[in-house]
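Peer 1: Here is the input, now give the coordinates:
(2 chains)
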2 protein chains.
Amino acid sequence: MKKEDIIIRRAKIEDMAGVLELVKELARYENAEEQVLTTVEDYEKNFLSGLFDANIAVYQDEVVGMVLYFVCWSTWKGRMLYLDDFVVKEELRQLGIGQMLFDELLVEAKRRGCKLVKWQVLDWNEPALRFYKKNEALIEKEWWNGKKPIS
Amino acid sequence: MKKEDIIIRRAKIEDMAGVLELVKELARYENAEEQVLTTVEDYEKNFLSGLFDANIAVYQDEVVGMVLYFVCWSTWKGRMLYLDDFVVKEELRQLGIGQMLFDELLVEAKRRGCKLVKWQVLDWNEPALRFYKKNEALIEKEWWNGKKPIS
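Peer 2: As a prediction, this is how the structure comes out:
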């Protein structure tokens, strides 16, 4: 595979199945696949309603990487782009696809008038932490997540 | 003050100055007031564009508490209500205003078809952690925040 064979483009509704496949691949890596309760139909419906966007990396007509994101509000910084998932297919890692996706994401954030890109990373995910360090990102360790399921 | 004197209602554009005051009060408590770069104008503009909502607690015509939130996407759970800030004025804490705001927030999340409410809390914020524990929230400690400012 050469970098020139990879196309980075905005996801369309017909890409949602491929996007969810990558979400599940990352969840498996995070030992949490059973926590993924969303379906392709959920993705299609809420993508159409504008709740999120995604950029994908396509290789030989297959979705092999993606960033999923939305614009939201940071009470301190203002408009913020939140990166909810960032995945490159395992067998195609270390080839620069992640960097292409991340670079384009920063351009997208600027285009949308965002002051900040924010995401989360598991404390044991060394390859991801190395990638973010290389990209001179700030890593904050003092915030915990609170969650309350709605039944 | 009696609970009956508190009104919980959806914030309007003219409440944004009071909302930002509370954001700054919480940031002072978190030793981070200088990190608040947003202005009342930013709040008004982005509130009008629908980027976020807030519910406020009003006592004697003053905004004394608030939750600021928006609906977004959880790749695992689907529609999610993200609680970005939750503040009660210091001199009016321990009176149940926070509980009134939190209860109403859970109702709002259900009304909007959300499967989950998510927020963040500083690891040393004992009163907040006690509150969330009392409310049987899940606290996750293994996720770090990544941030990249956009210039």
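Peer 1: alpha carbons only for contacts and neighbour counts from here, please
Peer 2: Fine.
Peer 1: Pull the lengthiest strand in chain A out as CSV, backbone CA atoms only.
Peer 2: Taking DSSP state E as the criterion, chain A has its longest strand at strand A:62-74. Taking Å, rounded to 0.1, in the frame of the first residue of the first chain, the C-alpha atoms of strand A:62-74 are listed here in CSV:
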residue,chain,number,x,y,z
GLU,A,62,-13.1,-0.1,1.8
VAL,A,63,-13.4,2.2,4.8
VAL,A,64,-10.0,1.5,6.6
GLY,A,65,-9.9,4.5,9.0
MET,A,66,-12.1,7.2,10.3
VAL,A,67,-12.5,10.1,12.7
LEU,A,68,-16.0,10.8,14.1
TYR,A,69,-16.7,14.2,15.4
PHE,A,70,-19.2,17.0,16.1
VAL,A,71,-19.1,20.7,17.0
CYS,A,72,-20.1,21.5,20.5
TRP,A,73,-19.6,24.1,23.3
SER,A,74,-16.8,24.4,25.7
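Peer 1: so what does whichever strand or helix holds A:I8 touch, helix or strand wise?
Peer 2: Per DSSP states H and E, A:I8 falls inside strand A:7-10. When contacts are defined as 3 or more C-alpha pairs under 8 Å, 6 or more residues apart in numbering or on different chains; DSSP states H and E, strand A:7-10 sits against strand A:53-59.
Peer 1: Show residues contacting the strand it packs on.
Peer 2: A:5-11, A:19, A:47, A:63-70, A:97, A:101, A:105 (C-alpha atoms under 8 Å, 6 or more residues apart in numbering or on different chains).
Peer 1: Okay, buried residues for stretch A:107-124 please.
Peer 2: For stretch A:107-124, the buried set under the neighbour-count rule, 16 or more other C-alpha atoms under 10 Å in any protein chain shown, comprises A:109-110, A:114-121.
Peer 1: ok, it near chain B or not?
Peer 2: Yes - using C-alpha under 8 Å from any C-alpha of the partner chain, stretch A:107-124 reaches chain B at A:109-110, A:114-123.
Peer 1: Now the two most distant members of those residues.
Peer 2: The largest separation in these, counting by C-alpha to C-alpha, is between A:K110 and A:D123 at 27.8 Å.
Peer 1: ok, back up a step: give me the buried positions along the strand holding A:I8.
Peer 2: For strand A:7-10, burial by neighbour count (16+ other C-alpha under 10 Å) applies to A:7-8.
Peer 1: Please, where are all the strands along chain A?
Peer 2: Assigned by DSSP E, the strands in chain A fall at A:7-10, A:53-59, A:62-74, A:78-88, A:116-122, A:138-140, A:143-149.
Peer 1: Roughly how far does A:K110 sit from B:V71?
Peer 2: As judged by C-alpha to C-alpha, to the nearest Å, A:K110 and B:V71 stand 22 Å apart.
Peer 1: Report the rounded mean pLDDT for the strand holding A:I8.
Peer 2: Strand A:7-10 shows a mean pLDDT of 97.
Peer 1: Since that was my last question, I'll sign off now.
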